[in-house]
Structures are given as structure tokens and as C-alpha cells.
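> I need the structure of the sequence given here:
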Amino acid sequence: MTELDTATQPAVPSLDLPTLPDGLRLAVVDMDGTLLDGDGEVPDALWPLLDRLAAAGVAFAPASGRQYATLRRMFDRAADGMVFIAENGAYVVHDDTEVSSTAIEPAVVADLVRTLREVVADRDAGVVLCGKRAAYVERDDPAFLAEVDRYYAARELVADLGAVDDDIVKVAINDAEDPQVVADALAGFVGDHQVVVSGTRWADVMVAGVHKGAAVRRLQEALGVTRAQTAAFGDYLNDLEMLDEAAASFAMAGAHPTVKERAAHLAPAHTEAGVVTVLEALLDRADQHGR
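A predicted model of the protein is given here:
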């Protein structure tokens, strides 16, 4: 066990805080079930915390399956200087400048579109091509579009997904019944690509090795930050690799059991502003020690 580990995770609300000998320089935070409150909104207490983090030299990076345009809009009032890990790590942007991206080959995108049209034909499901410029959909019923618009602010309805001209960094499938069924049907794409269930309604296809953890490693290199100086917060399976890249890794109180097992620490629930509470406590401790 390291000094960041605990034999057992204490019950919330007692805070389980790590010791950070090198200080905190980067905070990477998942959105749904982690940062956002019970209404799916950024908690009000985050805004003054962002100012405090910036003053302490700590970079704050939302990490989500959402597209960059959506994240940028959600944090518009404080977006200057912020890093965004979008599309589950396939697209990373700092101050409107691309840090890294990994696009799916056009031939693979075309093959996925053909396959998915067959897979979702008899299901309450739809396909989203996630490009750098926008998210593209063919399905046009209001219920589906409302679900897509929650995550993709820049969304275009097109007649043919096979004719989209953009760098596609992710193919997402929204399945109202069980996204695992779609993921299983795409088993043939595993190898150079990966299929990940990223939520209760979503499955994602990306290039193999692309995930939030890989994005965090690239970001750490770009910022000159180490794993020992990084804190990460998550609640679902697509956060696992991200947690691995942070010495101070936190599972939210309501996280998936596997995430709780993987993380070194437990944070209060997202409905209790757990991320804000932990980061404020870490800054308070640093202030007390003159860091």
C-alpha cells in the first residue's frame, strides 16, 4: 500500500484525502455522475473554486464523452485557460488549440455505418458520428434528438451518414434498451478499434488505445505535470484508465463497484458536490502547509 492508499475506504461524509508531497497541479473530472449535480448542471460552488484552482496553479480538465463544443458551452464563463478532454479522450483541446486527437479511418467509419444500420434497425437506437466540427445523425425523431442534444451542442442532421466529410473521432450509439447488445454486435471491430459501454444508454467505438487515461497522459506531458501531481474523479467504467493516471484517484460515492475497487479514495456523491468538497479540502490543506 502507498501513502495514497487506504486499507478500507471510509464512509462519506468523512473525507478520504491523499497526501500529495509534490502538490496538486492537475484535476481531471468526469461529468455525469461525478461533477454535475442531480439536475445535470454544473454546481454553483464550482465557479469560485475554479478561480482558486487557477490562482494555485492547478489546471482543471473536464473529461467526458461529450463533444468539445458542448463542454466549451457548459464552461463558457470560465473556459479561458481550461483544458477539455472530449469524446472520451479522442479529442483534447486547451485554449481552443488542439492538444491531441485520434480519428477513425474513413473506410472503417463507412463500414461501421453499414453495420450499425443493420444492428439498430429493430431497436430503439440511433447512431452519432462524432466529428471535430460537429456530431452527425440520420435519425430525426424528437425523442432521439433530445437525447443527442444533451451531449452534442454542435449537431447536424444529415441525409446520409456515409457522406459526412469530417474527421470522425468516435462513433456513438444511443440505445434506449441496452447498449451492451449493440456493443456485443460490434465484436468484429475489436482489434484495431474498441467498443466501450460508456453509460446506461450509450456505447462508443474508438480507435484502440484511445480513452480518457491516454488523454490524461498526453495532457500531463503537455503541461509538465506528473501522475503524483494529478487528481482524478470518476464514477463509470469509461473512467477507469483515467483514474489509473492519477495518484489521487477518487470514485464517487455512487460509482460503479468496479470503479470503487480501482480508485484509491472515495469522494462524496455528485449530488453532494463531492468533487468541489474534495478539491476545496485539498487546497485548504496546501494553504495550511504553505504550498
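> do you know how far the residue nearest to the spatial centre of the chain is from G23?
In the chain, the centroid-proximal residue (CA atoms, centre = their mean) is S64; its distance is 2.2 Å. Distance, S64 to G23, using CB to CB, to the nearest Å: 26 Å. From N, CA and C alone the C-beta is placed, and that goes for glycine too.
> A183: what's it in contact with?
A183 makes contact with V195, V196, V197, A203, according to CB atoms under 8 Å, 6 or more residues apart in numbering.
> any idea which of these is closest to A78?
Set against A78, the nearest of the contacts of A183 by CB to CB is V196 (29.2 Å).
> Distance from stretch 50-65 to the middle of the chain?
15 Å (CA atoms, centre = their mean, to the nearest Å).
> mind starting the numbering at 43 from now?
That works, and once the first residue is 43, the last one we named lands at stretch 92-107.
> Ends of it, what's the gap?
21 Å (CA to CA, to the nearest Å).
> What segments of the stretch 93-242 of the chain are helices?
Here the stretch 93-242 of the chain has its helices, by DSSP state H, counting those that start in this stretch, at 110-116, 148-161, 184-191, 221-227.
> now the ones you listed in JSON lines, with distance to Y133 and mean pLDDT?
Formatted as JSON lines, these follow (distance: least, CB to CB, whole Å; pLDDT from 0 to 100):
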{"stretch": "helix 110-116", "distance to Y133": "6", "mean pLDDT": "95"}
{"stretch": "helix 148-161", "distance to Y133": "15", "mean pLDDT": "94"}
{"stretch": "helix 184-191", "distance to Y133": "17", "mean pLDDT": "96"}
{"stretch": "helix 221-227", "distance to Y133": "21", "mean pLDDT": "93"}
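> could you dump these to JSON lines with distance to P90?
Putting the helices of the stretch 93-242 of the chain into JSON lines (distance: least, CB to CB, whole Å) gives the following:
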{"stretch": "helix 110-116", "distance to P90": "17"}
{"stretch": "helix 148-161", "distance to P90": "42"}
{"stretch": "helix 184-191", "distance to P90": "29"}
{"stretch": "helix 221-227", "distance to P90": "37"}
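> ok so, going back, let's see which of the contacts of A225 end up in strands.
Taking DSSP state E, the ones among the contacts of A225 that sit in strands are V237, V238, V239, A245.
> Residues in a beta bridge with the first one, which ones?
Here V237 sits in beta bridges with V247, going by DSSP bridges.
> Nothing else from me, thank you.
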